[in-house]
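> turn this into a structure:
(one chain, ligands or ions: 1)
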Amino acid sequence: MGGRRAKYKQAPPAPLRDPNDARPSTKKLGKRKANLDHEPEQSTNSRPTKKAKGDILPKPPPQEKKTKGSEKAAETVSKPTPTKPLSEDGESDGWENASELEDADDFVSGLDEFDIDEDDVLVRGVPEELDLGSDDEEEVELLPKKIRKSKQAERPTKIIPTMSDEEDEDEDSDVDQEDGPITAKNIESRSRALDEKAAREAELDMEEMQNAAFEGSDDEDIDMEGEGEDEEAFHLPTAEERAEEKQHVADVHVVQRRMRECVRVLGSFRKLGAKGRLRSEYVEQLISDIASYYGYNDFLAEKLFQLFPVSEAIEFFEANEVSRPVTIRTNTLKTRRRDLAQALINRGVNLEPIGKWTNVGLQVFESSVPIGATPEYLSGHYMLQAASSFLPVISLSPQPNERVLDMASAPGGKTTHIAALLRNTGIVFANDANKARTKSLTANVHRLGCKNVIVCSYDGREFPKVMGGFDRVLLDAPCSGTGVISKDSSVKVNKSERDFHLLSHLQKQLILCAIDSVSPDSKTGGFLVYSTCSVTVDENEAVVDYALRKRPNVKLVDTGLGFGRDGFTKYRGKTFHPSVKLTKRFYPHVHNMDGFYVAKFKVEKRAKVKAGAQGVESADVKDVGEQQEDVGFDSEEDRAFIEEGKRRQLKAKGLRVPRRRQSDVTAEVAKTAA
Ligand SMILES: C[S@@+](CC[C@H](N)C(=O)[O-])C[C@H]1O[C@@H](n2cnc3c(N)ncnc32)[C@H](O)[C@@H]1O
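Predicted structure coming up:
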């Protein structure tokens, strides 16, 4: 499924991008690595794997040098050192001041009860119907003997806002001298400083590469395999030549070179475009080459390509070939991050805090023990969870004693995070339409010691009829998973136009139900967070804009995340409500985390529907002020979708599938044609 690139293990094409946009480079890693290697504090030896003395926090080593640390780590496992807190002062060491252990005794006793079951491992499970269940919690390879060291790990690796969208970090003025000792107090700021340095270097590298590329230089950094100095001038194939080429397996070197040339020409089409050839011909060729090189179907390659400027698109596709960092979320119901870090370090795990934006995340660089089967894991001290999936819960910001609905919650990464933020007070209804998936959800809820969670299994579209009046609702919607292609490359080929159409429709239905489940009278909340692990506009801005149009009693508010790219307000001829800018997009090539989208709504009281307002469409609804439609959908239109969904479910279960009704077929055909 990996496309030619994966098949032939060719070097990636040099990603070219806007020099103003500071992002980690995918190239010139050797250079950066060499530089880092010369920095004394980057030495592997400076990072003890055993308990640190006093308030010295073990220094995470550079990722390039892992072997020595691992050997030491192995030693540590066979001869464990007593786990004493890193520092007794606790509060001012740069690690979070987590609440006291509430269930300190619980988690020792319950190990047998929570054997790792398959669901826990799976958990990216093939979703029913539309592959709706894609998400990443606890879906990291569970028992890596040694965590796969990705190419990404050689980049500036921290999951941080990059310089392009990072907030001013001046408040870090307490960052101490670079050559002073590393202490628990300064470790985060020190590591951030390194990230920034690496990002600056990456930016310079990228500028160099870009300049070289656009000047047509033969700089070795942009040379691709198989290219010689005496190669022929680039010639964009004609339609006939392309058809002819399709008959054979294309030469990967030819494809690589052509992609690079197309990017170069498209960057300065007036100057570099061949006479008589259209810009669209280059675009078409490039998309076709991207599809074959990275192994996407043509439809998806084009859909994703359209999201970015040309050179950035290559970076995106390239980033999808690389694993994201392994991250864990500390379960603050049971431990504190610094204590967890210490315990795992003692077991030979090489880790560091993810970044300033989360005080519970740890990034694992390498481990000599299976990270999904440590005693700490089994006793619920942490969740294996992608960094991106912290975001919607941070944005939701549940407050103690609130009533929260997690509408599509399995396998529970976000539910258990919500429960922890509620400090086991209030109540979380963890719902998921897929009953089988609630098994792993329940297991996680137990393992993490969440006592305020009720698991249920309804179609989200049945809310708020089932129950409503929630202070906050999270809708982490079923989606296409185009943000997590590095985890599930099957997305590259198994998503069609129809899937996006159906998904978008389902998401629109779910979001209205989610809005209607929020209590506008909530004293502390009244919020909905909508998120997906997809980057397509149909599943994100289009859904949010639809909700704004259909529910005039909601407005978008700041996500509170502090980083991420703004949501699109205009996209390929569509114009969305200006407030859609408040929503946030996250990308693998920009933020070194899975592609993700987060929108936060404030739900206000509904006004009564004025006579004649029913059925007023889209922006008109806004124009009539506080009117509210009672009926969210065209039930006739929906019936066909629901019937189709039921048919697929039956088919998946191996049951007899009733014949399609002629009316459904007609509706479906009409829809597709539209
Ligand atoms: C992206 S995953 C959720 C991941 C989860 N929030 C977490 O953090 O672990 C989407 C989930 O939506 C569920 N789902 C699909 N259709 C649904 C529906 N109509 N109502 C409720 N849940 C649905 C899928 O079973 C899947 O578990």
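
> only C-alpha atoms from now on, for both contacts and neighbour counts.
Will do.

> quick one: the nearest residue to His381 once chain neighbours are set aside from Gly460, how far?
Leaving aside its chain neighbours, His381 sits nearest to Asn331 (5.1 Å; criterion: Cα to Cα, 6 or more residues apart in numbering). Note on Asn331: its distance to Gly460, by Cα to Cα, to the nearest Å, is 27 Å.

> then Pro552?
21 Å.

> circling back: and Asn331 and Gly460? which has more neighbours close in?
Taking other Cα atoms under 10 Å, Asn331 and Gly460 do not tie; Asn331 has more neighbours (26 against 23).

> for the more buried one, which residues are in contact?
Counting by Cα atoms under 8 Å, 6 or more residues apart in numbering, Asn331 touches 360, 380-383, 417, 420, 448.

> how about 7 Å then?
By Cα atoms under 7 Å, 6 or more residues apart in numbering, the contact list for Asn331 reads 380-383, 420, 448.

> quick check: Phe365 is in a strand.
Yes - Phe365: assigned to a strand according to DSSP: H, G, I helix; E, B strand; the rest coil.

> ok, the helix or strand Tyr597 falls within: who's next to it in the sheet?
According to DSSP states H and E, Tyr597 maps onto strand 596-603. If you go by DSSP bridges, strand 596-603 pairs up with strand 527-532 (antiparallel), strand 554-557 (antiparallel), strand 584-586 (antiparallel).

> in the stretch 301-450 of the chain, which spans are helices?
Along the stretch 301-450 of the chain, the stretches classed as helices by DSSP state H, counting those that start in this stretch are 310-319, 337-346, 375-378, 391-396, 413-421, 437-447.

> including mean pLDDT and distance to Asp289, could those go into CSV?
Compiled in CSV, the helices of the stretch 301-450 of the chain are given as follows (pLDDT from 0 to 100; distance: least, Cα to Cα, whole Å):
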stretch, mean pLDDT, distance to Asp289
helix 310-319, 97, 11
helix 337-346, 98, 44
helix 375-378, 98, 43
helix 391-396, 98, 34
helix 413-421, 98, 37
helix 437-447, 98, 38
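
> deepest of these, which one?
Here the criterion is mean neighbour count by mean count of other Cα atoms under 10 Å, and of these the winner is helix 413-421, at a mean of 26.

> could you give the average pLDDT over whichever helix or strand Glu284 is part of?
Taking DSSP H and E as the definition, one finds Glu284 inside helix 279-294. Helix 279-294 shows a mean pLDDT of 96.

> quick check: angle from that helix to helix 310-319?
On the basis of axes from the mean of the first three to the mean of the last three Cα atoms, to 10 degrees, helix 279-294 is oriented at 10 degrees to helix 310-319.

> what are the buried residues along helix 279-294?
Residues 282-283, 285-294 are the ones in helix 279-294 that count as buried (16 or more other Cα atoms under 10 Å).

> flag every residue of the stretch 351-500 of the chain that's near the ligand.
Within reach of the ligand by Cα under 6 Å from any ligand atom, the stretch 351-500 of the chain has these residues: 407-414, 432-434, 459-461, 476-478.

> repeat that with 8 Å
389, 406-415, 431-435, 437-438, 441, 457-461, 475-479 (Cα under 8 Å from any ligand atom).

> mark which of those residues are buried, thanks.
The neighbour count (16+ other Cα under 10 Å) marks 389, 406-415, 431-434, 437-438, 441, 457, 460-461, 475-479 as buried among these.

> where does pLDDT dip in this protein?
Applying pLDDT under 70 to the chain picks out residues 1-232, 608-642, 645, 649, 653, 661-674.

> please redo it, this time with the cut-off set to 80
Residue ranges of the chain with pLDDT under 80: 1-233, 608-674.

> need the buried residues of helix 279-294 in a markdown table with distance to the ligand, can you?
What follows is the buried residues of helix 279-294, written out as a markdown table (distance: Cα to the nearest ligand atom, whole Å):
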| residue | distance to the ligand |
| --- | --- |
| Tyr282 | 36 |
| Val283 | 32 |
| Gln285 | 34 |
| Leu286 | 31 |
| Ile287 | 28 |
| Ser288 | 30 |
| Asp289 | 30 |
| Ile290 | 27 |
| Ala291 | 26 |
| Ser292 | 28 |
| Tyr293 | 28 |
| Tyr294 | 24 |
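
> and the furthest pair within those residues?
Spanning the widest gap among the buried residues of helix 279-294 are Tyr282 and Tyr294, at 17.8 Å by Cα to Cα.

> next one: phi and psi at Phe269?
The phi and psi values for Phe269, taken as degrees, to the nearest 10, are phi -60, psi -40.

> can you count the residues close to it?
A count of nearby residues for Phe269, using other Cα under 10 Å, gives 15.

> and the residue nearest to Leu286 when sequence neighbours are not counted, what helix or strand is that in?
Leaving aside its chain neighbours, Leu286 sits nearest to Met259 (5.6 Å; criterion: Cα to Cα, 6+ apart). Per DSSP H and E, Met259 falls inside helix 252-267.

> what's the angle from that helix to helix 279-294?
Angle between the axes of helix 252-267 and helix 279-294 is 140 degrees (criterion: the same axes, to 10 degrees).

> next, the buried residues of helix 252-267.
Within helix 252-267, the residues that count as buried by 16+ other Cα under 10 Å are 252, 255-267.

> now do the contacts for the spatially closest residue to Asp516 that is not a sequence neighbour.
Spatially, and ignoring its direct neighbours in sequence, Asp516 is nearest to Pro464 (6.3 Å; Cα to Cα, 6+ apart). By Cα under 7 Å, 6+ apart, the residues touching Pro464 are 513, 516-517.

> redo that, cut-off 8 Å
Neighbouring residues of Pro464 by Cα under 8 Å, 6+ apart: 513-514, 516-517.

> surely Val322 and Ser486 touch.
Yes - with contacts counted by Cα atoms under 8 Å, Val322 reaches Ser486, the gap being 6.0 Å.

> comparing the two, which residue is more hemmed in?
Higher neighbour count among Val322 and Ser486: Ser486, with 23 against 19, using other Cα under 10 Å.

> not counting its neighbours along the chain, what's nearest that one?
Once flanking residues are discounted, Ser486 sits nearest to Asn320: 4.6 Å by Cα to Cα, 6+ apart.

> contact partners for that neighbour?
By Cα under 8 Å, 6+ apart, the contact list for Asn320 reads 484-486, 588.

> from His417, how far out is whichever residue of the stretch 251-400 of the chain sits closest to the ligand?
Residue nearest to the ligand within the stretch 251-400 of the chain: Ser389 (6.6 Å; Cα to the nearest ligand atom). Using Cα to Cα, we find Ser389 at a distance of 10 Å from His417.

> I'd say Val453 and Ala430 touch.
Yes - under the criterion of Cα under 8 Å, Val453 makes contact with Ala430 at 6.6 Å.

> who's more crowded, those two?
Using other Cα under 10 Å as the criterion, Val453 and Ala430 rank with Ala430 on top: 27 against 23.

> who does that one bridge with?
Where Ala430 sits in a bridge, its partners, by DSSP bridges, are Asp406, Val455.

> where do the helices of the stretch 451-600 of the chain begin and end?
Per DSSP H, counting those that start in this stretch, the stretch 451-600 of the chain carries helices over the ranges 491-494, 497-517, 541-550, 588-591.

> so what touches the first one?
When contacts are taken as Cα under 8 Å, 6+ apart, the neighbours of helix 491-494 outside the stretch itself are 1, 295-297, 300-301, 480-482, 485.

> of those residues, buried ones?
Those of the contacts of helix 491-494 that meet the buried threshold are 295-297, 300-301, 480-482, 485, by 16+ other Cα under 10 Å.

> out of those residues, list just those in strands.
Using DSSP state E, no member of the buried ones among the contacts of helix 491-494 falls in strands.
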